[in-house]
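K.L.:
Sequence plus predicted model, see below.
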Amino acid sequence: MRLFSFGGLLAAVAAAVLLGLATFGVPIHDSFYLLEVGMSQLHFRFGPFGYSQNGEPSATHLGYDVPSDLGGNQNPISSLVHTLSYVLVVFPIAFALAVVTVLLAVLATTCAIAVNAVAIFSATLGALLATLAFAIVIAIYFVIKDVLEDMTFELNFGQSFYFTVIGAACLYFAAILSSGGLCCDGWNLRRPRQNHADASYITAPSHAPPRRNQSAPTDLPAFPEYHPSMDSAYEMDDTASYSMYKPHEETALVAPQAPYLTQQPAGSRMHLLAEAPHAGSSTQWLAETPYAPNEQAYVDAPEAPAAPAAPPPPVSEQQAAAWFLPEGAPPSYPPALARSAYPNDKRR
């Protein structure tokens with residue numbers, strides 16, 4: 001969710017402000033310091049880039065020695081303080097990483113998830129450096145305490161030290177919140193976004209069906225009004241009235257009479273065969289004409305052709321007349337199918 005990203009942004013801003021105050025303290029600004037040493041007539045304040053003595057700042061640079069008024073030249077531990085002061089360079093580095101985290105957190109609220117991941121890395125690294133910075137301040141505290149063990153003094157931590165501790169905690173908190181935002185954004189990618197319903201078909205065709213489904217609801221069409229005369233049918237404005245027609249009643253329908261199926265027709269059709277000019281000689285021609293294949297019948301034949309089958313028996317007049325009646329008994333060989341390849345089809 002974006003709430004985690006905004007929370008990480010606020011934490012990063014707080015860390016950047018606090019680490020900036022801790023970094024640009026003494027000797028740049030005398031109000032913020034890491035350590036303060038008070039003696040009878042001397043007052044020292046130490047910062048990342050130098051110190052101030054009785055309100056007078058020293059040169060601004062990394063690496064400085066314990067002042068001679070504190071017995072630094074007479075104690076070998078002053079060299080250790082000089083080395084630790086060089087390590088205080090982690091203060092500006094932690095501040096720079098905090099600023100980078102702020103910029104990345106701003107982009108993470110509107111841009112891709114990869115920017116949020118880089119912001120998490122920057123915040124974590126800055127928090128580790130800030131932790132190292134206040135650990136170095138604690139080490140310098142004990143070193144100065146050992147240097148001045150024979151003297152009467154007051155040694156205290158300044159505001160910059162506490163700013164560093166709180167800034168490190170804010171960076172850790174920013175990294176945690178940014179991680180939560182990264183996880184929530186990754187989970188939201190698996191679900192359709194709510195603003196997909198507003199996407200047009202040209203810019204996002206895959207989001208157009210949800211837009212049609214989430215359109216504004218419309219009223220149902222008006223139903224026809226009821227009237228007592230409409231007991232068996234509805235009357236529509238754009239159609240004819242059906243109230244004048246009675247509903248269909250299931251009654252026994254009388255089967256149509258077909259006398260040609262049960263009675264013999266007035267005139268038989270056998271006279272067509274009898275009056276034909278070839279009627280008398282057709283049966284005799286079939287019986288007397290043998291089957292004589294020509295030379296072309298043996299061209300592609302793989303073997304010798306079988307002997308021609310015997311001609312079918314002649315059909316009587318009763319069988320021929322019965323053939324033309326739908327309910328009559330079919331002859332053994334109908335005249336139309338006597339010489340065909342499927343003589344028994346008509347029987348079925």
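P.N.:
Happy to help now that I have it. These numbers come from a predicted model, not from an experiment.

K.L.:
which residues of the stretch 1-150 of the chain fall in strands?
P.N.:
Using DSSP state E, counting those that start in this stretch, the strands assigned to the stretch 1-150 of the chain run over residues 35-38, 43-47, 50-53, 56-57.

K.L.:
Next up, identify which helix or strand residue 155 is on.
P.N.:
Using DSSP states H and E, residue 155 maps to strand 154-157.

K.L.:
Please spell out the segments of this structure that come in under the pLDDT threshold.
P.N.:
1, 66-78, 111-112, 184-221, 223-224, 226-313, 315, 320-348 (pLDDT under 70).

K.L.:
buried residues in stretch 27-34?
P.N.:
In terms of neighbour count (16 or more other CB atoms under 10 Å), stretch 27-34 has its buried residues at 27, 32-34. Backbone N, C-alpha and C define where each C-beta goes, glycine included.

K.L.:
ok, of those, which one's closest to residue 60?
P.N.:
Comparing the buried residues of stretch 27-34 against residue 60 with CB to CB places residue 27 closest, at 5.6 Å.

K.L.:
Dig out what the spatially closest residue to the closest one that is not a sequence neighbour forms beta bridges with.
P.N.:
Excluding the flanking residues, the one nearest residue 27 by CB to CB, 6 or more residues apart in numbering is residue 57, at 3.2 Å. Per DSSP bridges, the residues bridged to residue 57 are residue 52.

K.L.:
re the thing from before, let me have the buried residues of stretch 27-34 in TSV, adding distance to residue 16 as columns.
P.N.:
Output for these, formatted as TSV (distance: CB to CB, whole Å):
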residue	distance to residue 16
27	22
32	15
33	20
34	18
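
K.L.:
Now, those residues that are in helices?
P.N.:
Here DSSP state H is the test, and the buried residues of stretch 27-34 give no hits in helices at all.

K.L.:
Give me the helices and strands touching the strand holding residue 155, please.
P.N.:
strand 35-38, helix 113-147 (3 or more CB pairs under 8 Å, 6 or more residues apart in numbering; DSSP states H and E).

K.L.:
Figure out which of those is closest to residue 9.
P.N.:
The closest approach between residue 9 and any of the helices and strands packed on strand 154-157, judged by CB to CB, belongs to helix 113-147 at 8.8 Å.

K.L.:
closest one to residue 102 among the strands of the stretch 1-150 of the chain?
P.N.:
Taking CB to CB, strand 43-47 is the member of these nearest to residue 102, at 23.4 Å.

K.L.:
What pairs with that closest one, parallel or antiparallel?
P.N.:
Next to strand 43-47 in the sheet, as set by DSSP bridges, lie strand 35-38 (antiparallel), strand 50-53 (antiparallel).

K.L.:
What are the buried residues along that strand?
P.N.:
Neighbour-count burial for strand 43-47, counted by 16+ other CB under 10 Å, picks out 44-47.

K.L.:
Turn the strands of the stretch 1-150 of the chain into CSV, columns for distance to residue 119.
P.N.:
Listed next are these as CSV, based on distance: least, CB to CB, whole Å:
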stretch, distance to residue 119
strand 35-38, 33
strand 43-47, 29
strand 50-53, 33
strand 56-57, 36
